[in-house]
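A.B. asks: Pasting the sequence and the predicted model now:
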Amino acid sequence: EPEVTQTPSHQVTQMGQEVILRCVPISNHLYFYWYRQILGQKVEFLVSFYNNEISEKSEIFDDQFSVERPDGSNFTLKIRSTKLEDSAMYFCASNSDSLIYGYTFGSGTRLTVV
Amino acid sequence: QQPVQSPQAVILREGEDAVINCSSSKALYSVHWYRQKHGEAPVFLMILLKGGEQKGHEKISASFNEKKQQSSLYLTASQLSYSGTYFCGTESGGSNYKLTFGKGTLLTVNP
């Protein structure tokens, strides 16, 4: 069964450093998303991406965040200057042009900012 | 607007039934249900698209009352494998398929 792949599975970084979280969505999917989940809390929407541009973003997704699909397969989330409160599990998800099959989530990257 | 889930947590013995509710203050186009086991990614269970629709997946089914903007997830004859956090995700029209998730309901099934 096709899956969404995320790397790394766990990243520890110092406050103020830049991190790049990587995702390989399912190849024939058209919509890509980043969500985050602070430990024990709800899954929060960050950004959606379609046709090589951001289609929607949340209030959380401020200027320190950016997304890119550099080569047609990878989908990256960059956090420019990490803060302690950025510590969370970051999930990438993708879906086809229909939501009938729901999102397919990756297994997540646990980001710890120290 | 985040959907509201209830209850926050439920503990069952194997074989018992449970109902998890999800409601929204916004008109909904669809409701999704996902299950997340500890330390893992959420896994898609089902999508409800039309008012009053009921769908089933093994012993897990759901209904969607479009007029009331509510959905309920029914787990019957629960199994140990049903343990996890259940999230509803709601989609409003024109949202580019963006889902807004509720806070989740932690379901624990004990032997």
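C.D. replies: Now that the structure is in, tell me what you want to look at. Residues are numbered from 1 along each chain as shown, chains lettered A, B, ... in the order given.
A.B. asks: Contact residues of chain A facing chain B?
C.D. replies: Taking CB under 8 Å from any CB of the partner chain as the criterion, chain A approaches chain B at residues A:31, A:33, A:35, A:41-45, A:48, A:50, A:55-56, A:91, A:95, A:99-108. Heads up, the C-betas are built off the backbone N, CA and C, glycines and all.
A.B. asks: any idea how far the residue of chain A found nearest chain B lies from B:F101?
C.D. replies: Of the residues in chain A, the one nearest chain B is A:G102, at a distance of 3.2 Å by CB to the nearest CB. A:G102 is 12 Å from B:F101, where distance means CB to CB, to the nearest Å.
A.B. asks: what is in contact with the two at once?
C.D. replies: Each of B:Y34 lies in contact with both A:G102 and B:F101 under the rule CB atoms under 8 Å, 6 or more residues apart in numbering or on different chains.
A.B. asks: Quickly find the element holding residue 22.
C.D. replies: I went with chain A, as the question did not name one. When secondary structure is defined using DSSP states H and E, the element that contains A:R22 is strand A:19-24.
A.B. asks: I was after chain B.
C.D. replies: With elements delineated by DSSP H and E, B:C22 resides in strand B:18-23, which encompasses its position.
A.B. asks: near chain A, anything from that strand?
C.D. replies: No - for strand B:18-23, no contact with chain A is found by CB under 8 Å from any CB; the gap never falls below 12.2 Å.
A.B. asks: what secondary structure does the residue most central in space within chain A sit in?
C.D. replies: Among the residues of chain A, A:W34 comes closest to the average C-alpha position under CA atoms, centre = their mean, at 3.1 Å. In three-state terms, and counting by DSSP: H, G, I helix; E, B strand; the rest coil, A:W34 is strand.
A.B. asks: Need the pLDDT of B:E58.
C.D. replies: The per-residue pLDDT reported for B:E58 equals 69.
A.B. asks: Same question for B:F44.
C.D. replies: 91.
A.B. asks: you'd agree it is up against A:T104?
C.D. replies: Yes - at 7.1 Å, B:F44 counts as touching A:T104 under the criterion of CB atoms under 8 Å.
A.B. asks: ok, these two, which is more surrounded?
C.D. replies: For B:F44 versus A:T104, neighbours defined as other CB atoms under 10 Å in any protein chain shown are more numerous around A:T104 (21 against 18).
A.B. asks: so what's B:Q1 up against?
C.D. replies: Contacts for B:Q1 were tallied using CB under 8 Å, 6+ apart; they are B:S24, B:S25, B:K26, B:T100.
A.B. asks: Minimum pLDDT in the residues you listed, which residue is that?
C.D. replies: Checking pLDDT across the contacts of B:Q1, the minimum falls on B:K26 at 85.
A.B. asks: How about chain B: which residue is closest to chain A?
C.D. replies: For chain B, CB to the nearest CB, closest residue to chain A: B:F44, 3.2 Å.
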